[in-house]
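In: Got a predicted structure here, sequence first:
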Amino acid sequence: MRRAGNRKGVCNMKILTLKEWVAIESDSSSSALFGKVMQMVNVTAEKIRSLGGDVELADIGSQQMPDGEIVQLPPVILAELPKDSNKPTLCIYGHVDVQPAKKEDGWLTEPYVLTEINGNLYGRGATDNKGPVLAWLHAVEAYQALKQDLPVNIKFIIEGLEEIGSYGLDALTKQRNDTFFADVDYIVISDNIWISNKPGLTYGTRGDCYFYVKVSGGKQALHSGAHGGSLFEPMADLIALLDSLVDAKGQILVPGIYDDVAPLTEEERKLYENIQFDLEEYKNNIGVTRLIYDKKEDVLMHYWRYPSLSIHGIQGAYADPGSKTVIPNKVIGKFSMRQVPNMDPVVVEKQVTEYLHEIFAKRNSSNTLKILMPIAAKPWVANVNDPQYVAARRAIKTVFGVEPDMIREGSTIPIAWNFQDVTKKSVMMLPICGADDGEHSEKEKISRSNYIEGTKLFAAFFYELAQLR
Ligand SMILES: CC(C)C[C@H](NC(=O)CN)C(=O)O
């Protein structure tokens, strides 16, 4: 009885720490909040130090932001726990920045107050990616609490800019390839979600090219009654441009965009058949009634191995409740295209830019058009025969009692491809979050059970990794 009570107490403490982390509004989308990101980096560094880690806050310099401002970037944590040269070395990557969140986006709870409802812990960053980062740290803590030696050496790379494309991290990876990375045997990332209630083991992510399309007109916003009808309206130009990008069936309309997509082989097609993925459950999780495709295989392929284009927002547009009759003079449309093998962001940028300029020219507008691509992240695909995948499968079997589904991820870890390309080490993603965790949405959460069982999974993974030798 007492033991069960103690266990519950320990779990509640872990949840309390997550609550403290979620409370820090480390939203990297605006440089105005970089102070909060910095605070989050410091809190994380302190936690690693409390586990005996040697922490460096690596300077990654400054960066010009899409609005032209040059800002000092928050440092990246490079840390190492005490080392034993007889053990393999695992490098754990994670991020502690989050996507923007406001209560009025439709949150039922305060986004930065971790709130438990029916065994689920709601809050921005709970699943992406503060929960998983803490689960790694708690797995280390568990070995220490039990006075057991860690079976592997552990290094950490934790950053605060993943959600805006991991500025500076590729350069840091190259710079530290012969030092920090030299003795690393495996790199592991825990981010993103399973695709059903069955654990998944992820061997690929899509990349992302994020675009800003800026249409500028006169010196100021204007009264639509007084001036509408005789001027070229920036918003009308922008809507036409955005409308030219993708059709109702999700097909991207930019010429040449599918040219470099890796052809589908019969062998690959068969992979999708055996994956547990229930379309009804999926629709229910994401809250839609119908999908473009009605076969599981097609949905999975458009999630993992084909590009997609999503329109995210318009800066400068009137977006408040109520009816304002203004003509905005400057608007910035934001959209992104998820990349797949063998697409190249450099080629994509050229294709998109040329196409949008062509569409714009046909409108013969007096406005000006400027296109920027502040995020260019390549897709990543790993070799599933790497030994750490064997260790992860065994650990999943131990903790969850099942073999995982081998999955890919539709979203992006901007540094994953660079890690593999620069260091030539094995890179794996070991997600612990549930299919309904709502990353980036106003329903973001991690379940109490995934948070705790995920911690156990990481502890078991350390053990299995050491058994490979
Ligand atoms: C480049 C993107 C902004 C990265 C972002 N990553 C994640 O969500 C990881 N959980 C994404 O939108 O894919």
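Out: Good, I have the coordinates. On a predicted model such as this, the values are computed, not experimentally measured, just so you know.
In: show me what contacts Leu271?
Out: Contacts for Leu271 (C-beta atoms under 8 Å, 6 or more residues apart in numbering) come out as Met406. Where you see a C-beta, it was placed from the backbone N, CA and C, and this is true even at glycine.
In: what about 6 Å?
Out: Residues counted as contacts of Leu271 (C-beta atoms under 6 Å, 6 or more residues apart in numbering): none.
In: cool, the one 4 residues further on as well?
Out: Ile275 sits next to Asp405 when contact means C-beta under 6 Å, 6+ apart.
In: Distance-wise, check it relative to Thr202.
Out: From Ile275 over to Thr202 the distance is 12 Å, taken as C-beta to C-beta, to the nearest Å.
In: And Arg7, by the same measure?
Out: According to C-beta to C-beta, Arg7 and Thr202 sit 29 Å apart.
In: Those two: which has the busier surroundings?
Out: Ranked by neighbour count (other C-beta atoms under 10 Å), Arg7 and Thr202 place Thr202 first, with 29 against 11.
In: partner residues bridging the nearest residue to the more buried one once chain neighbours are set aside?
Out: Leaving aside its sequence neighbours, Thr202 sits nearest to Met429 (C-beta to C-beta, 6 or more residues apart in numbering; 3.7 Å). Counting by DSSP bridges, Met429 is bridged to Ile189, Thr202.
In: Going along the chain, name the strands of the stretch 151-300 of the chain.
Out: For the stretch 151-300 of the chain, the strands defined by DSSP state E, counting those that start in this stretch cover 153-159, 186-189, 200-205, 207-216, 222-223.
In: Quick one: mean pLDDT for the shortest one?
Out: Which is strand 222-223. Mean per-residue pLDDT for strand 222-223: 98.
In: How about the second one?
Out: Taken as a whole, strand 186-189 has an average pLDDT of 98.
In: I'd like to know which elements that strand is packed against.
Out: Strand 186-189 sits against strand 89-95, strand 426-429, with contacts defined as 3 or more C-beta pairs under 6 Å, 6 or more residues apart in numbering; DSSP states H and E.
In: can you check the first one too?
Out: Strand 153-159 is packed against strand 76-80, strand 89-95, with contacts defined by 3+ C-beta pairs under 6 Å, 6+ apart.
In: So the longest one, near the ligand or not?
Out: What that stands for is strand 89-95. No - Strand 89-95 lies out of reach of the ligand by C-beta under 6 Å from any ligand atom, never closer than 7.6 Å.
In: Could you report the distance from the residue nearest to Thr202 to the ligand?
Out: 10 Å (C-beta to the nearest ligand atom, to the nearest Å).
In: So for Cys433, what's the pLDDT?
Out: For Cys433, the model assigns a pLDDT of 98.
In: swap that for Lys8, sorry
Out: Looking at Lys8, its pLDDT is 76.
In: Remind me which helix or strand it belongs to.
Out: Secondary structure assignment for Lys8, by DSSP states H and E: helix 2-22.
In: Show residues contacting that helix.
Out: Applying C-beta under 6 Å, 6+ apart, the external contacts of helix 2-22 come out as Leu114, Gly123, Gly125, Ala126, Lys130, Gly131, Leu134, His138, Ile452.
In: Could you list the buried residues of it?
Out: Using 16 or more other C-beta atoms under 10 Å as the test for burial, helix 2-22 gives Cys11, Lys14, Ile15, Thr17, Leu18, Lys19, Trp21, Val22.
In: thinking again about what came up before, can you say which of the strands of the stretch 151-300 of the chain is nearest to Asp237?
Out: Nearest to Asp237 among these is strand 207-216; the distance by C-beta to C-beta comes to 4.8 Å.
In: Tell me if I'm right that Pro151 and Phe462 touch.
Out: Yes - assessed by C-beta atoms under 6 Å, Pro151 is found in contact with Phe462 at 5.0 Å.
In: Extract the C-alpha trace of stretch 294-301 and format it as CSV.
Out: Taking Å, rounded to 0.1, in the frame of the first residue of the first chain, the C-alpha atoms of stretch 294-301 are listed here in CSV:
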residue,chain,number,x,y,z
ASP,A,294,-10.9,6.9,-48.1
LYS,A,295,-8.3,4.3,-48.1
LYS,A,296,-5.9,3.9,-45.2
GLU,A,297,-2.9,3.4,-47.5
ASP,A,298,-3.6,6.7,-49.4
VAL,A,299,-4.0,8.7,-46.2
LEU,A,300,-0.8,7.4,-44.8
MET,A,301,1.1,8.1,-48.1
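In: buried residues in it?
Out: For stretch 294-301, burial by neighbour count (16+ other C-beta under 10 Å) applies to Lys296, Val299, Leu300, Met301.
In: picking up where we left off before, any chance of the helices and strands packed on strand 186-189 in CSV with distance to Leu146, mean neighbour count and mean pLDDT as columns?
Out: Converted to CSV, these look like this (distance: least, C-beta to C-beta, whole Å; neighbours: other C-beta atoms under 10 Å; pLDDT from 0 to 100):
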stretch, distance to Leu146, mean neighbour count, mean pLDDT
strand 89-95, 19, 25, 98
strand 426-429, 25, 24, 98
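In: These: which one's closest to Ser336?
Out: Using C-beta to C-beta, the nearest of those to Ser336 is strand 89-95, at 17.7 Å.
In: Report the strands that pair with the helix or strand just after that closest one, each with its relative direction.
Out: Using DSSP H and E, the helix or strand that follows strand 89-95 in sequence is strand 115-117. The pairing partners recorded for strand 115-117 under DSSP bridges are strand 120-122 (antiparallel).
In: tally of neighbours for Pro82?
Out: 12.
In: Any stretches of the chain with poor pLDDT?
Out: 1-5 (pLDDT under 70).
In: Might you enumerate the residues of it proximal to the ligand?
Out: So the chain meets the ligand at 128, 162-163, 165, 191-192, 208, 375, 377, 411-414, 439 (C-beta under 6 Å from any ligand atom).
In: run the last query once more with 8 Å
Out: Within the chain, the positions adjacent to the ligand are 95, 99, 128-129, 162-166, 191-192, 205-206, 208, 210, 336, 338, 375, 377, 411-414, 439-440 by C-beta under 8 Å from any ligand atom.
In: So how do I select the buried members of these in ChimeraX?
Out: Selecting only the buried entries of those in ChimeraX, with 16+ other C-beta under 10 Å as the criterion:
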select :95,99,128,129,162,163,164,165,166,191,192,205,206,208,210,336,338,375,377,411,412,413,414,439
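In: The closest residue to Asp149 other than its chain neighbours: which element?
Out: Nearest residue to Asp149 in three dimensions, chain neighbours excluded: Tyr143, at 7.3 Å (C-beta to C-beta, 6+ apart). Per DSSP H and E: Tyr143 is located in helix 131-145.
In: on that earlier part again, what is the nearest of the contacts of helix 2-22 to the ligand?
Out: When these are compared for distance to the ligand (C-beta to the nearest ligand atom), Gly125 wins out at 10.4 Å.
In: That's all I had, so thanks and see you.
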